[in-house]
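In: What shape does this take:
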Amino acid sequence: MNKLLIFFLFLSFSTFSQRAITLSELIGLTIEKNYQIQIYKIQNQIVENQNTAGNTGMLPTIGVEGTASMDVKNSELNFFSGDSRSGKNAQSTSLSGVVRLDYTVFDGFAMFANKDRLNYLSQIGAQETKYFVEQTIADVSKLYSQLIVNYNIAELYEKSLNISRFRYKIALRQKQIGTINALELHQAEMDFTSDSLLLLNAQWNIHDLQIQINRIIRNDSIITWIPVEESMKIEGIGSLEEVQRDALINNKNMQRRQIEEMLAEANLRIEKSARYPQVNLFGSYGYSKQINEVGFTESSLTYGPGFGVTVRMNLYDGGNVNNRIENSRLETEIANLNRLDYENLIKTELQRLYSSYQNLLINRNLLEKNLQSATNTILIAEEQYKAGTISGFDYRQNQLSVIQINMQLINLKNQLRQTEIDILRIRGKMVE
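Out: Purely as a prediction, here's the structure:
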């Protein structure tokens, strides 16, 4: 049974190719290859392409129109003089064309407000892309941290397995010479098997994380990524005041709400433009030629330019303009309240995370001291167990105590890294 487990563990380690990777390398691969990031970038480009002077109405429009027609008719004309004319299957041919230019020179400043609106929409699109990239980097960083955790847990269980193997071998020798009973031997064997299963499960957790990482970076083949723990050290976060100040300046969601507030103000200006007159200039050049087989004229030809100005102004439309302006003003107020509400949310969330982070630091220091004591204890217990002064049960309890403290310390360091990532993301420093 134990030999089969060890063989299976060996297979789980050696099935796939292995490669060490730092966090920055993993982030680089993710930004380069992740499908969703590419989709956001393309969508942002679409929005950017719409931000043109032509879409704001600042540029003139030029159109060309041409018509060619032919009529075949039977006609009979009787004049007051008594003369008459008739035609059978008489043809009438007409050719015409016109080039027309229309240009709005004044629309109540709506075109300038519309240009601002398109600029803000473009900025919002860019912010959405940056926000998604930032979120993806945070997710990948947390995944990398979890990978470190599972490698550390696997290493811890491997050390524990070596201790259990050592204890099992001693129990076998003691059973052969009759210094322990069968119950203690079976207990040593059960603990050895239990530690083997724990190591196996830890390796399967690593394997599952490898699949998730390979999916994110679009890697078709399964590569066993080995994290470099030094690339994800706990760096510290600075003071709460610094964190909150950076968040209010750099947080992507905060920046988006600020842009949305300016966008609402631009929409208000667009609605107010309806109170002003609109002035349009137009110019054209036309050509028209007609040939008739019967009728008053045999042919006619006209061509030449034309130009003019059009002024339109809404005097009364049932109060619809005023309603739209008032609703737009209310939308501006909502955007302002959304920004203030999110600003308060950021401050509150950072206070919570900062307090949690400081508490985790204190717990880490205490656990590290406790671990040192437990490690010294297990070394003493090992010598006592070899000498036969303590039982296998007591030795196992010391072993489990070290494992428990190590597990607590591993998970606590992961919580510290995860909290740092959350603070960096809210702070707007994730992409740096």
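
In: Residue 143 is in contact with residue 212, isn't it?
Out: Yes. Assessed by CB atoms under 8 Å, residue 143 is found in contact with residue 212 at 6.2 Å. Every residue, glycine included, has its C-beta placed from N, CA and C.

In: Those two: which has the busier surroundings?
Out: Shown here are residue 143 and residue 212; by other CB atoms under 10 Å, residue 143 has more neighbours (16 against 13).

In: so the more buried one is in which element?
Out: Assigned by DSSP states H and E, residue 143 belongs to helix 110-177.

In: Which helix or strand lies directly C-terminal to that helix?
Out: Moving toward the C-terminus from helix 110-177, the next element (DSSP H and E) is helix 182-216.

In: Measure how far the very next helix or strand once past that next one is from the centre of its chain, please.
Out: Proceeding N to C from helix 182-216, the next assigned helix or strand is strand 224-227, under DSSP H and E. Here strand 224-227 is found 24 Å from its chain centre; the criterion is CA atoms, centre = their mean, to the nearest Å.

In: Within the sheet, what are the partner strands of strand 224-227, with directions?
Out: strand 18-21 (parallel) (DSSP bridges).

In: and the strand it pairs with, which residues are buried?
Out: residue 21 (16 or more other CB atoms under 10 Å).

In: what do you get for stretch 180-188?
Out: Neighbour count says stretch 180-188 has 180, 184, 185, 187, 188 buried, by 16+ other CB under 10 Å.

In: and what of stretch 344-354?
Out: Buried residues in stretch 344-354 (16+ other CB under 10 Å): 346, 350, 353, 354.

In: Can you tell me the number of residues neighbouring residue 172?
Out: Residues near residue 172, counting by other CB under 10 Å: 13.

In: Could you find the closest non-adjacent residue to it?
Out: Distances taken as CB to CB, 6 or more residues apart in numbering put residue 185 closest to residue 172, at 6.9 Å, once the chain neighbours are dropped.

In: The helix holding residue 143 vs helix 182-216, what angle?
Out: Counting by axes from the mean of the first three to the mean of the last three CA atoms, to 10 degrees, helix 110-177 lies at 160 degrees to helix 182-216.

In: if we can go back for a sec, tell me the one among the buried residues of stretch 344-354 nearest to residue 318.
Out: Taking CB to CB as the measure, residue 318 sits nearest to residue 346 out of the buried residues of stretch 344-354, at 43.8 Å.

In: Please identify which helix or strand holds that closest one.
Out: Going by DSSP H and E, residue 346 is part of helix 320-387.

In: Tell me which other helices or strands the next helix or strand after that helix touches.
Out: Scanning forward in sequence from helix 320-387 by DSSP H and E, the next helix or strand is helix 392-427. The helices and strands touching helix 392-427, judged by 3 or more CB pairs under 8 Å, 6 or more residues apart in numbering; DSSP states H and E, are helix 110-177, helix 182-216, helix 240-250, helix 320-387.

In: Got the domain ranges for the protein?
Out: 2-57+107-277+313-427, 60-106+278-312 (automatic domain parsing).

In: circling back to that earlier point, I'd like the mean pLDDT over the helix holding residue 143, please.
Out: For helix 110-177, mean pLDDT rounds to 90.

In: quick check: angle from it to helix 392-427?
Out: 170 degrees.

In: between helix 110-177 and helix 320-387, what angle do the directions make?
Out: Using the same axes, to 10 degrees: helix 110-177 against helix 320-387 is 20 degrees.

In: Run through the neighbouring helices and strands of helix 110-177.
Out: Against helix 110-177 (3+ CB pairs under 8 Å, 6+ apart) you get helix 23-33, helix 35-49, helix 53-56, helix 182-216, strand 224-227, helix 252-272, helix 320-387, helix 392-427.

In: name the helices or strands packed onto the top strand by length along the chain?
Out: Ranked by residue count and defined by DSSP state E, the top strand of the chain is strand 84-106. For strand 84-106, the packing partners by 3+ CB pairs under 8 Å, 6+ apart come out as strand 61-78, strand 278-292.

In: now for the next helix or strand after the shortest one, which elements pack on it?
Out: Later in the chain than strand 278-292, the nearest helix or strand by DSSP H and E is strand 299-312. In terms of contact count using 3+ CB pairs under 8 Å, 6+ apart, strand 299-312 is assigned the packing partners strand 278-292.

In: Distance of the closest residue to residue 163 other than its chain neighbours relative to residue 380?
Out: Counting by CB to CB, 6+ apart, residue 399 is the residue found nearest to residue 163 once chain neighbours are left out, at 5.5 Å. Separation of residue 399 from residue 380 (CB to CB, to the nearest Å): 12 Å.

In: Contact partners for residue 69?
Out: 93, 94 (CB atoms under 8 Å, 6 or more residues apart in numbering).

In: Out of the helices and strands packed on helix 392-427, which gets nearest to residue 265?
Out: Nearest to residue 265, of the helices and strands packed on helix 392-427 and by CB to CB, is helix 320-387 at 5.5 Å.

In: which residues sit against stretch 146-164?
Out: By CB under 8 Å, 6+ apart, the residues outside stretch 146-164 that reach it are 188, 191-192, 194-196, 198-199, 202-203, 205-206, 209-210, 213, 225-227, 229, 232, 378, 382, 399, 403, 406-407, 410-411, 413-414, 417.

In: Quick check on those: which are buried?
Out: 188, 191-192, 195-196, 198-199, 202-203, 205-206, 209-210, 213, 225, 227, 229, 232, 378, 382, 399, 403, 406, 410, 413-414, 417.

In: Can you get me a residue count around residue 154?
Out: 21.

In: ugh, wrong one, I meant residue 307
Out: Using other CB under 10 Å: residue 307 sits among 10 other residues.

In: Name the nearest residue to it, ignoring sequence neighbours.
Out: Residue 307 sits nearest to residue 283 (CB to CB, 6+ apart), 4.1 Å away.

In: At the geometric centre of the chain, which residue do we find?
Out: residue 132 (1.4 Å; CA atoms, centre = their mean).

In: How much space separates the closest residue to that residue other than its chain neighbours from residue 255?
Out: Once flanking residues are discounted, residue 132 sits nearest to residue 40: 4.9 Å by CB to CB, 6+ apart. Distance, residue 40 to residue 255, by CB to CB: 16 Å.

In: ditto for residue 407
Out: 40 Å.

In: re the thing from before, hang on, isn't the residue nearest to the centre of the chain packed against residue 36?
Out: Yes. Counting by CB under 8 Å, residue 132 touches residue 36, with 6.8 Å between them.

In: hang on, the earlier thing: was I right to think the residue nearest to residue 132 contacts residue 127?
Out: No. Contact criterion CB under 8 Å: residue 40 and residue 127 do not qualify, at 10.7 Å.

In: I am finished for the moment; much appreciated.
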